[in-house]
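1. Here is a sequence with its predicted model. Questions after.
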Protein chains: 2
Amino acid sequence: MAKISDVAREAGVSVATVSRALNDHPNVNPEYADRVRAAAAKLGYRPNGIARSLRRQSSDVIALIISDVSNPFFTAITRGVEDVAQRSGYSVLLCNADEDSAKEATYLRVAEQEQVAGVILSPHMAGSDVSRLRGANIPLVVIDRPLNEPVDSVMVHSREGAESATNHLLDAGWTRPACITGPEEAATAQERLQGYLEAVRQHGNLDELFVHAPFRQHGGARAASELLDAEVAPDALFVANAQMTLGVLDELKRRGLRIGRDIGIITFDDAPWAPFISPPMSVVAQPAYDIGAQAAQLLMERIRGTAPAERRQLTLSTTLIVRESSQRSWGMR
Amino acid sequence: MAKISDVAREAGVSVATVSRALNDHPNVNPEYADRVRAAAAKLGYRPNGIARSLRRQSSDVIALIISDVSNPFFTAITRGVEDVAQRSGYSVLLCNADEDSAKEATYLRVAEQEQVAGVILSPHMAGSDVSRLRGANIPLVVIDRPLNEPVDSVMVHSREGAESATNHLLDAGWTRPACITGPEEAATAQERLQGYLEAVRQHGNLDELFVHAPFRQHGGARAASELLDAEVAPDALFVANAQMTLGVLDELKRRGLRIGRDIGIITFDDAPWAPFISPPMSVVAQPAYDIGAQAAQLLMERIRGTAPAERRQLTLSTTLIVRESSQRSWGMR
DNA sequence: CGAACTGAAGTAATCGATTTCTGGAGCCTA
DNA sequence: TAGGCTCCAGAAATCGATTACTTCAGTTCG
C-alpha cells in the first residue's frame, strides 16, 4: 500500500503538504494541491485509517450494539441508524451482543479500542457497565432499554403499549388473558408486564397470569407450554416480543389450539410476517426505524458537540394494529 | 485513559518492559511482571487497540459484509461466523451493504482502513472490486455469491435446490409453474432461475415463465403481480428468496387467491415464520449457519497462515422441506 | 527603509503501542 | 583474567498519519 510519504515523493513536496492538500486545509497553493491529488490518484493512495485515528483520537465509524440480530425489530432500527449516519459521513459497525452480557462487554471493549466516534447501545441490563466509554470520552446513546446512567436515550412507551394490547384483548371478549414476557432483568420485559398487570387490575377480579422467559422462540414455546398446562389455562395471550410469538405459535399448533376460537393472541412488534400467518396477527407496533434514526441523530449532535450538556430522553409511542388473531369472532360463523 | 507510560511509571519500569510483561514474552523477570500486572490493574489500563494495530499492522476483528440485515438467511450466517470467530478470539463487525454496490464499496474501504484481520463478504455482484483488500494483504472469504477472483468461497448448490423445488411443484400436480427470481446481476438469482428452467425443460412443452425483481418484499409483490396479470397466468410459483415471498403473499392475498387451491408456492430459504403461515410454506432450506461457520473457519486458517496456497471452494447442499403450500390437495376435501 | 505581518512550505513532535537495538551484570571457560 | 555467553532491562526506532512550530519570501505600512 502506498503511504503518504510515497505520495509526497511522487509529488515532490513534503508529507505535511500532502496531508493538508488532501484534507483541503486553507493556505495550500492550488497548483501543489493539484499535483498532490494527481500523485495520490496515480499511486492509488488511501490514508491509513488506523494511523489517522491514532493521531486524531477518533474515527468516522460508529458502533451499534444490538441485543439480537435475528430480531427484525433490531434490524429495522439498524436501517434507521444507517440512513442518518451515512448522511453525516459515518459508517456503522453492527455488533450482535446476542442477549449476552459477556458479548456485550466484549463489543464495548472493541468500540473503545477502535476509538469509534460514538456508540448506540441497547443494553442487556440496566446495570451494563459503560464506564470505559465515558473514560474514553466516547459519546453514547442508549436505545430500547434504560441504563442506570444519565445518558441520552430513545425509548418506547412499552407500558402503555402493553396496557392497550391487554385492554384490547379484554374488550374483544377474552376473559382470562395471560402475559408472556422476557427475562426479569430486561426492563422492557418488566414494563410490558406492568402494562399487562395494570390493565388486568383495572378490570377487577381477574387472575394475574404471567411467565418470564428468554426473548427467543424457544422461550415463547416454553412459556406458552407452562401457561397452558396450568389447571385453569388462559384463553388469551399477550406476548412481549415477536420472536417469542413464533415459539408460542409452535406450541399452539402442537396442541391443536385454534387461534381466534380457542385462544386469542396479540404480540409486541410488527414483524414482516405478522399479516401473513393465519389468522393475521394483531400487534403493538414499535416505530423501530424512527428509534434508530432518532438515536443516530442524537449521537451525531453529541459527536459534533452541538448537543446541550444535559441528557435528552425521547420516548416514542407504539401503535396498536388490530388484525384477527386477537378477535373472538374469527373462525366462528 | 491510562496509557502504557502511566503503567510504566506506576510500576517503576520502562514501557518496553510493560509491553513485554503484558504480552507475556519470555525473558521477563517474574517479579517485574507481577508488579506490572498490579500497576495495570490498579490504573485500569487497557492497551489502545488503534496504536497496537498501527504497530502490528493488523487487529483482532474481522468484518462480515452481508447483503441485507433484514434477511434472516444472512443473520443466520452471522451466528455461524460469530461462533467460530469468537472461539478464536476474534470479534465480528457486521456491515450491511444493503444490496447496494456503493455501500459495499464503502464498507470494503472501512475494512481496509481499519486493518481488520480478515473479511467475509457476500458480494453484490461477481464484479465487485476487492483489489484493495488484496493490496492491503487482508484475507477474504466469499459467501453465497461468487466473485470473479480466485478466493476461498462457501456457496450453496442453488441450481440443484431450485431444480428440485420446481420438480416438486410439477410432481405435486401443478401444470404451469413460474419463477420469481432476484435481479439479473445477482448470481444466485441466475442459478435459481437456471434450476427452474432445467426442470421445466425436462418436463417438455411447458412455458418458461419468470421475472427478475429486487430480492425484497416489494420486489416479490411486483413480480407476482406481473405474472398474475399475464394472459395465461401461472398456477404455481417458485420464489427465489424469503423476503420476496412475503411480497408474493401480500399480492396473493390482495387478489384473493388461495394457496394450495388456486396456486401453489415454494420458496428458497427456511425463514422462521415459514411453518406458521397458512398453509405452511414449503421451502428449499439453505444451511445458513454452516455457511457462516465454514467461511469463518476458512478465514481463520488464512489469517493464521495455515491454509494451503490454492483457493478452497466449498459448496453445501440445500434441503427440500415439503410442507403444504406446494401441495395441490390442501384445502380440497 | 525597516518593522510587522501574511501566506505557504518544510521540519519535527505527536498519538500509544511494539520491537529492535544496545548495554550491563553475572557466569563459565580457556 | 580476558573473552564469550546468556538474561534482562532500558533507550530508541517504528507504524503512518496530523499538526504545532519554524522558516522564508513577499507585502504592507508607519
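-> Looks like it came in fine.
2. going forward, measure contacts between C-alpha atoms and count neighbours the same way
-> OK.
3. For A:Thr245, which residues are in contact?
-> A:217, A:220-221, A:239, A:267 (CA atoms under 8 Å, 6 or more residues apart in numbering or on different chains).
4. List buried residues within these.
-> A:217, A:220-221, A:239, A:267 (16 or more other CA atoms under 10 Å in any protein chain shown).
5. wait, doesn't A:Ala2 sit right on A:Lys42?
-> No - judged on CA atoms under 8 Å, A:Ala2 makes no contact with A:Lys42 at a distance of 10.1 Å.
6. more crowded one of the two?
-> Shown here are A:Ala2 and A:Lys42; by other CA atoms under 10 Å in any protein chain shown, A:Ala2 has more neighbours (15 against 11).
7. Spatially nearest residue to the more buried one (excluding sequence neighbours)?
-> A:Tyr45 (5.3 Å; CA to CA, 6 or more residues apart in numbering or on different chains).
8. Contact partners for the one you found?
-> Per CA under 8 Å, 6+ apart, neighbours of A:Tyr45: A:1-4, A:7.
9. Which ones among the contacts of A:Thr245 map onto strands?
-> Judged by DSSP state E, strands contain the following of the contacts of A:Thr245: A:239, A:267.
10. ok, the contacts of A:Thr245 vs B:Glu301, which is closest?
-> For these, the minimum distance to B:Glu301 (CA to CA) is 33.7 Å, reached by A:Gln217.
11. mind checking how far the closest one is from B:Trp273?
-> 11 Å (CA to CA, to the nearest Å).
12. Need the phi and psi values for A:Val92.
-> When read as degrees, to the nearest 10, the backbone of A:Val92 gives phi -110, psi 120.
13. Dig out what it forms beta bridges with.
-> In this entry, A:Val92 is beta-bridged to A:Ile62, by DSSP bridges.
14. Number of residues surrounding the closest residue in space to A:Ser91 that isn't next to it in sequence?
-> Excluding the flanking residues, the one nearest A:Ser91 by CA to CA, 6+ apart is A:Val61, at 4.6 Å. By other CA under 10 Å, 22 other residues sit near A:Val61.
15. so A:Val61 sits right up against A:Gln86, yeah?
-> No - applying CA under 8 Å as the test, A:Val61 and A:Gln86 come out as separate, 9.7 Å apart.
16. for chain A, where's the lowest mean pLDDT among helices and strands?
-> Lowest on mean pLDDT, DSSP states H and E among the helices and strands of chain A sits helix A:131-135, with a mean of 87.
17. Extract the CA atoms of the next helix or strand after it and return them as CSV.
-> Counting by DSSP states H and E, the next helix or strand C-terminal to helix A:131-135 is strand A:140-143. Output of strand A:140-143 as CSV, limited to C-alpha atoms (Å, rounded to 0.1, in the frame of the first residue of the first chain):
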residue,chain,number,x,y,z
LEU,A,140,-23.2,7.1,23.9
VAL,A,141,-26.9,6.9,23.1
VAL,A,142,-29.0,4.2,24.6
ILE,A,143,-32.0,2.6,22.9
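18. Contacts for strand A:140-143 next, please.
-> With CA under 8 Å, 6+ apart as the test, strand A:140-143 has contacts from A:118-123, A:133, A:151-155, A:291-292, A:295-296, A:298-299.
19. Sheet partners, orientation included, of it?
-> When pairs are called by DSSP bridges, strand A:140-143 turns out to pair with strand A:118-121 (parallel), strand A:152-156 (parallel).
20. average pLDDT for it?
-> Taken as a whole, strand A:140-143 has an average pLDDT of 98.
21. Report the distance from it to the chain centre.
-> Offset of strand A:140-143 from its chain centre (CA atoms, centre = their mean, to the nearest Å): 10 Å.
22. now swap in stretch A:321-331 and tell me
-> Computed by CA atoms, centre = their mean, the separation of stretch A:321-331 from the middle of its chain amounts to 28 Å.
23. Which residue ranges of the stretch 1-150 of chain A form strands?
-> Using DSSP state E, counting those that start in this stretch, the strands of the stretch 1-150 of chain A run over A:61-66, A:91-96, A:118-121, A:140-143.
24. between those strands, which gets nearest to A:Arg52?
-> Shortest separation from A:Arg52 across these is recorded for strand A:61-66, at 12.7 Å, computed as CA to CA.
25. Restricting to C-alpha, output the closest one in PDB.
-> Extracted in PDB, the C-alpha atoms of strand A:61-66 (Å, rounded to 0.1, in the frame of the first residue of the first chain):
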ATOM      1  CA  VAL A  61     -17.300   5.000  12.300                       C
ATOM      2  CA  ILE A  62     -19.900   4.500  15.000                       C
ATOM      3  CA  ALA A  63     -20.800   1.200  16.700                       C
ATOM      4  CA  LEU A  64     -24.300   0.000  17.000                       C
ATOM      5  CA  ILE A  65     -24.600  -2.800  19.600                       C
ATOM      6  CA  ILE A  66     -27.900  -4.500  19.400                       C
END
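26. residues in contact with it?
-> Against strand A:61-66 from outside (CA under 8 Å, 6+ apart): A:74, A:78, A:90-98, A:104, A:107, A:111, A:116-123.
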